[in-house]
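Asks: predicted model, plus sequence, below.
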Amino acid sequence: MPSYSFFCFQVAEELKQVPPLPSMPPCLFPTRLPLPPYIHCGLPITDAQIKQVLRDNHYRSPMRLFDEHGNIVPASPDEPVPAMDATAAAQYISERVGYPVDVRYVLNAPTDAILSFGDNYALYRKAKVLPTNEKLQELLKFLELPEIEKPKWYIACLDYDWSFSRFGYC
């Protein structure tokens, strides 16, 4: 019999095939039990774009690797961006466009990450609001995306299942 963790991995792999939602169906806002999965609204961002933001702002990562002699090992261009560095990039972008964004890792984006404007929980509680058209255009220009691109809703890497508690086992 497959383990529970194998089941969770299988579900996550299947969810990667789900296209992002152009709008949020009301049933995916947390209004009653069971609670819906976390769904983030945002625009795709690549590791290369995150690294470019960090370079442009002369960011020096505290997440350095050292060899056996204590020398800093240069980061490989193929190496993924550490979460702390992605957070710093989001802060730079937020300051530049005047709108709070986060870098979130999701299952079903064309890239591994998105520039998130919020999730279905924060937006439902009105803890965050979606960007104005003007701010959205600034973000699209910054990310070098077409002006007609619209934010989409992406499934979070964690908490992607329906639950009676947000303290799941998967």
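Replies: Right, received. Where do you want to start? All values reported here derive from a predicted model rather than from experimental measurement.
Asks: what ranges of this protein fall below the confidence cut-off?
Replies: 1-8, 62-77, 166-170 (pLDDT under 70).
Asks: all helices for it, in order.
Replies: Under the criterion DSSP state H, the chain contains helices at 4-15, 47-56, 83-97, 120-124, 133-142.
Asks: would you confirm that R96 contacts L139?
Replies: No: under the criterion of CB atoms under 8 Å, R96 makes no contact with L139, lying 9.5 Å away. Bear in mind the C-beta positions are built from the backbone N, C-alpha and C, glycine included.
Asks: out of the two, which sits in the busier spot?
Replies: L139 (23 against 14; other CB atoms under 10 Å).
Asks: any idea what sits nearest that one, other than its immediate chain neighbours?
Replies: V97 (5.8 Å; CB to CB, 6 or more residues apart in numbering).
Asks: which ones are touching that neighbour?
Replies: 135, 138-139, 142 (CB atoms under 8 Å, 6 or more residues apart in numbering).
Asks: hmm, 6 Å instead?
Replies: Going by CB atoms under 6 Å, 6 or more residues apart in numbering, V97 touches 135, 138-139.
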